[in-house]
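S.K.: I'll drop the sequence and a predicted model, then ask my questions.
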Amino acid sequence: MSKNNFNMKKFEKMLNDTKKQMVNDALKADYDYECPNCNKTFKISIGTNICPQCETVVDLKPDDSWKKF
Ligand SMILES: [Zn+2]
């Protein structure tokens, strides 16, 4: 019986799948955002969002910290 029967490829694939899932979840998530113009709090997601009150356009981009994924 080999000591090297740990399947690294399978393990790496599992890790990658988990990371992808985390990124997907983050991309789909809604965030509470306070409008810089009218201070109304509303939900935004990644992409272009428009304040429902004053129609200020808010571009939400993935954070730099996401690069660690
Ligand atoms: Zn607003």
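M.R.: Received it, and whenever you're ready, just let me know what you need.

S.K.: Next to the ion, which bits of the chain? Give me the list.
M.R.: Neighbours of the ion within the chain, by CB under 5 Å from the ion: 35, 37-38, 40, 51, 53-54, 56. C-beta: built from backbone N, CA, C; applies to glycine.

S.K.: want to try TSV for those, with distance to D17 and neighbour count as columns?
M.R.: Listed next are the residues of the chain next to the ion as TSV, based on distance: CB to CB, whole Å; neighbours: other CB atoms under 10 Å:
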residue	distance to D17	neighbour count
C35	37	19
N37	40	13
C38	41	13
K40	38	13
C51	36	20
Q53	40	13
C54	41	12
T56	38	14
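
S.K.: Just give me the closest of the residues you listed to K28.
M.R.: Ranked by distance to K28 (CB to CB), these are led by C51 at 20.8 Å.

S.K.: residues in contact with the closest one?
M.R.: Going by CB atoms under 8 Å, 6 or more residues apart in numbering, C51 touches 35, 37-38, 40, 42, 57-58.

S.K.: If we use 10 Å, what do you get?
M.R.: Listed by CB atoms under 10 Å, 6 or more residues apart in numbering, the contact set of C51 reads 33-42, 44, 57-58.

S.K.: List just the nearest of those to Q21.
M.R.: I44 (21.7 Å).

S.K.: hey, what's the residue lying closest to the closest one once chain neighbours are set aside bridged with?
M.R.: Spatial nearest neighbour of I44, excluding adjacent residues (CB to CB, 6 or more residues apart in numbering): Y33 at 4.4 Å. Note on Y33: beta-bridge partners F42, judged by DSSP bridges.

S.K.: Much appreciated, bye for now.
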